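Participant: Return a 3D structure for these sequence lines:
(chains A and B)
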There are 2 protein chains.
Amino acid sequence: MKQIEKLSENSSYTAINLGNLEELMSYSLIHPVNKRLIEGKVFLKDPTQATGTEISFNSLQPKSEQPYFHIHYKNEETYLILKGYGFFQVDEDCFKIKEGSVIRVAPQGKRGICNASDETMIYMVVQSKQNSLEEYTTADGERVPVEPKWR
Amino acid sequence: MKQIEKLSENSSYTAINLGNLEELMSYSLIHPVNKRLIEGKVFLKDPTQATGTEISFNSLQPKSEQPYFHIHYKNEETYLILKGYGFFQVDEDCFKIKEGSVIRVAPQGKRGICNASDETMIYMVVQSKQNSLEEYTTADGERVPVEPKWR
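Facilitator: As a prediction, this is how the structure comes out:
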């Protein structure tokens, strides 16, 4: 089972390396509830010490589907398809997805995903608490003078 | 300027298509404060009607850098490098990044990024409010019986 490489950190950040996205299937985890092995999935909240999101990289074998639909209680999820194509379903709506598709699902949406392609599908899921974001984009930021050390 | 394609939506979700990630440089936007054109960047909060995150896809031309460092007030940022390699700096720490690197930065971290490779760097940034996530992963979810329509 592949291990995450810690890159660098201080009190303001944590940086890790997952390796090439093609190698995602080398990650696996034990589901905390049913204790089954889930292959091709890696959660980033704990490794990066994130406090506002649970981001995961996920993969689906060629011609396969996530074996269940699910809802959430408090969290919104955004799915970002990075490779492969297939179908996504929320409640009664089923539609085609492919590289570059992005689906934001509210907690109550009953969601499922299927890889209809002949390659491994790679997708990300970002969990965050619904309605938690206040200011965003440039309104929350400020430029600061720093001399880049890479020059 | 490339436009986002709306895929499907109901009260529980919004789905869009960005197109292939290689074509990200076709998106651009006008910076709301300094009114300059920013090429190769697309924000997803408004197009997906997200309420917990501001996710963006970003690109950096070969051998180029983001022209400024910045901090945030309330929001944590997570950078996910999808293509290319280069450097990331937070405060005084400068380190190498490449495909599969993930960097979580607290609001006060002074951050900058550089693409040292000969290809366009593609990376995502996820903004969320620091300390906003409560339950996460499987603790916030529940499986529900749904018959997939893709079968």
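
Participant: so residue A:139 sits in a strand?
Facilitator: No. Under DSSP: H, G, I helix; E, B strand; the rest coil, residue A:139 sits outside any strand and is assigned helix.

Participant: On the pLDDT front, check the nearest residue to it once chain neighbours are set aside for me.
Facilitator: Leaving out its chain neighbours, the residue that sits closest to residue A:139 by C-beta to C-beta, 6 or more residues apart in numbering or on different chains is residue B:32, at 8.0 Å. Backbone N, C-alpha and C define where each C-beta goes, glycine included. For residue B:32, the pLDDT comes out at 74.

Participant: What of residue A:1?
Facilitator: 68.

Participant: where does chain A have low pLDDT?
Facilitator: In the predicted model, chain A carries pLDDT under 70 at residues A:1.

Participant: which residues in it form helices?
Facilitator: Taking DSSP state H to define them, one finds helices in chain A at A:45-48.

Participant: Stretch A:4-15 and chain B in contact?
Facilitator: Yes. Contact of stretch A:4-15 with chain B (C-beta under 8 Å from any C-beta of the partner chain) involves A:7, A:8, A:10, A:11, A:12, A:13, A:14, A:15.

Participant: List buried residues within these.
Facilitator: With burial judged by 16 or more other C-beta atoms under 10 Å in any protein chain shown, the buried subset of the residues of stretch A:4-15 next to chain B is A:7, A:8, A:12, A:13, A:14, A:15.

Participant: And those residues, which is closest to residue B:122?
Facilitator: Nearest to residue B:122, judged by C-beta to C-beta, of those is residue A:15 at 17.7 Å.

Participant: Could I get the contacting residues of the closest residue to residue A:83 other than its chain neighbours?
Facilitator: In space, and not counting its chain neighbours, residue A:83 is closest to residue A:122: 4.1 Å by C-beta to C-beta, 6+ apart. Applying C-beta atoms under 8 Å, 6 or more residues apart in numbering or on different chains, we find residue A:122 in contact with A:21, A:24, A:57, A:58, A:59, A:81, A:82, A:83, A:84.

Participant: you'd agree the second one is up against residue A:60?
Facilitator: No. Taking C-beta atoms under 8 Å as the contact criterion, residue A:24 and residue A:60 are not neighbours in contact, 10.4 Å apart.
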